[in-house]
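>>> my questions concern the predicted model and sequence given below.
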Amino acid sequence: MKQSYVDQDYTFQAVPTQNRHGFWKMFVVMLGFTFFSASMWSGGDLGAGLTFIQFIWIVLAGNLILGAYTGFLSYIAAATGLSTHLLARYAFGEKGSYLASFMLGATQVGWFGVGCAMFAFPVHQATGMNTTFLILLVGLLMTATAYYGMKALTIVSFIAVPAITILGSYSVLKAGDRVGGMDGLMAYQPDETLSIAVALTICIGSFASGGTLTPDFARFAKSKWTGVITTLIAFFIGNSLMFIFGAVGAMATGQSDISEVMFTQGLIIPAVLVLGLNIWTTNDNALYASSLGFSNITKITKKKMVIFNGVIGTLLAMWLYNHFVDWLTFLGSALPPIGAIILADYFIVRRGHYPMLHKMTFRTFHWPAMVAWISGFGLAQWAPGLPPINAILGAAVPHTIITLLSHTLTRATTQVTEKGEATDL
């Protein structure tokens, strides 16, 4: 690496203490992360298939699970200063971490594509501009800002968070008046109902990928509790608001797509502007996180991977937009096992301590983690119950048991080397 080049994204190292952020910067970044129109779309799907009381309970339960999951991941990230992909090396091994990085990186590229389409369609309806051209245009612009990393993410978040809060709240008030206020919402009955299991899967799956990548952002927190608290607030307040904005609109108009709801309310131009900022924020987060993942695999710098991933996500935008629910179902099964394995590895196997990254000699593959991921994914797909919960427990428990047994049988190979370097379990 050239001495003149400073990697301000800390792609391959821990974030130095002097470059960490305090509460307010982290709070705004994490809120911008959760203020995503796709969550409003998921909220619309829930609102169209649940009573208002059922919806509230589902959102509370879903965000309680997401909050616990992401809060613990934030603790690890702030304690170590490491991204999800660097943390995965401890649990999965050097090349084993490539599985986690590929899965997480690919899904974030997918979210980027969904966001591009969700921005382009309202603009097309408002202006008549060609949809394909708009997708290409916004994909290029969003890729350009993601190129500049956390500094750009913070600036966009400071603009988007208050804007989407104001517009979303106004939309909810207008939608609530249309159905008779709170009494009308309480009396709402959906034409077709969702099962509790499906509703929870949509709620949790809507941010399963983002939640697993929380360390990519929480590693910049000055303290462990700054990372944890800002993450909990973001998921309980930010994510809940997004679901409410989408659900109330769907109950009032029958539309799950928030842009369609706002069109019926005469909020076309403001909706395009503010939704654009909102999507821009989360798309930048998605592209930033995906680029860290693919950098872990390829060893290519994050900035170059931003450009590559932005192109791929833009080209896939239409397909992803048309398969959104299927995408959420897949995310709810494939991604939580990765975060669950990291949590189990750090808190149980390693007893809350990871040696410093530069002192580690990692195994190429840590097979207990690979087996655990397959177990979590399989249980999420085919076992009865809630897929996200099955995924988390189905990965964390086998990883813990197999790793501890393996460590007991091969203890001699896990001692400190003669050079003083820490070795992987």
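In hand now; what should we look at?

>>> which one is the residue nearest the centre of the chain nearest to, not counting chain neighbours?
The chain has G210 as the residue nearest its centroid, 0.5 Å off, counting by C-alpha atoms, centre = their mean. The shortest distance from G210 to any non-neighbouring residue, by C-beta to C-beta, 6 or more residues apart in numbering, is to F33 (6.5 Å). Yep, even glycine has a C-beta here, placed from its N, CA and C like the rest.

>>> G105 now?
That would be G293: by C-beta to C-beta, 6+ apart, it lies 3.0 Å from G105.

>>> tell me the contacts of the residue nearest to the centre of the chain?
By C-beta atoms under 8 Å, 6 or more residues apart in numbering, G210 lies in contact with 33-34, 36, 108, 111, 282, 285-286, 289.

>>> looking at these, which one is closest to L335?
Q108 (10.0 Å; C-beta to C-beta).

>>> hang on, the closest one packs against L213?
Yes - contact criterion C-beta atoms under 8 Å: Q108 and L213 qualify, at 6.7 Å.

>>> neighbour count winner among these two?
Each of Q108 and L213 has its neighbours counted (other C-beta atoms under 10 Å); L213 has more, 32 against 28.

>>> got phi/psi on the more buried one?
The phi/psi pair for L213 (degrees, to the nearest 10) reads phi -90, psi 10.

>>> and for A317?
Residue torsions, per degrees, to the nearest 10, at A317 are phi -60, psi -50.

>>> low-confidence ranges, the stretch 301-425 of the chain, go.
The model of the stretch 301-425 of the chain has pLDDT under 70 over residues 324-332, 410-425.

>>> enumerate every residue touching F243.
Neighbour list for F243: 39-40, 42-43, 46, 55, 59, 203 [criterion: C-beta under 8 Å, 6+ apart].

>>> so which of the residues you listed is the closest to M150?
The closest of these to M150 turns out to be S39 (C-beta to C-beta; 21.9 Å).

>>> and that closest one, how close does it get to I297?
The gap separating S39 from I297 is 28 Å, by C-beta to C-beta, to the nearest Å.

>>> among those two, which residue is more densely surrounded?
S39 (26 against 17).

>>> wasn't that one part of a helix?
Yes - secondary structure of S39 (DSSP: H, G, I helix; E, B strand; the rest coil): part of a helix.

>>> against A396, how distant is the closest residue to it other than its chain neighbours?
Once flanking residues are discounted, S39 sits nearest to M242: 3.6 Å by C-beta to C-beta, 6+ apart. Per C-beta to C-beta, M242 is found 28 Å from A396.

>>> those two: which is more packed in?
More crowded of M242 and A396, by other C-beta under 10 Å: M242, with 28 against 24.

>>> and that one, what is it in contact with?
34-37, 39-40, 43, 168.

>>> distance to V349 for those residues - can I get that in a markdown table?
As requested, the contacts of M242 are exported to a markdown table (distance: C-beta to C-beta, whole Å):
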| residue | distance to V349 |
| --- | --- |
| T34 | 30 |
| F35 | 35 |
| F36 | 33 |
| S37 | 38 |
| S39 | 33 |
| M40 | 38 |
| G43 | 37 |
| G168 | 42 |
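
>>> V161: which of those residues is nearest?
Nearest to V161 among the contacts of M242, counting by C-beta to C-beta, is F35 at 5.9 Å.

>>> that closest one and I279 touch, don't they?
No - checked against C-beta under 8 Å, the pair F35 and I279 is beyond contact range at 9.3 Å.

>>> if we can go back for a sec, intersection of neighbour lists for Q108 and L213?
A289.

>>> M262 touches I268, doesn't it?
Yes - counting by C-beta under 8 Å, I268 is a contact partner of M262 at 6.9 Å.

>>> which neighbours do those two have in common?
Counting by C-beta under 8 Å, 6+ apart, the residues touching both M262 and I268 are P122.

>>> ok, residues contacting stretch 42-52?
Residues contacting stretch 42-52 (C-beta under 8 Å, 6+ apart): 55, 58-59, 185-186, 188-194, 199, 202-203, 206, 242-251, 254-258, 261, 325, 328.

>>> mind checking how far that stretch is from the chain centre?
Computed by C-alpha atoms, centre = their mean, to the nearest Å, the chain-centroid distance of stretch 42-52 equals 21 Å.

>>> so where do the strands sit in the protein?
Using DSSP state E, the strands of the chain run over 360-361, 422-423.

>>> so where is this structure shaky, pLDDT-wise?
By pLDDT under 70, the weakly predicted segments of the chain are 1-6, 37-38, 256-259, 324-332, 410-425.

>>> so how far is M30 from I401?
Distance from I401 to M30, by C-beta to C-beta: 33 Å.

>>> the more surrounded of these two?
Shown here are I401 and M30; by other C-beta under 10 Å, M30 has more neighbours (28 against 14).
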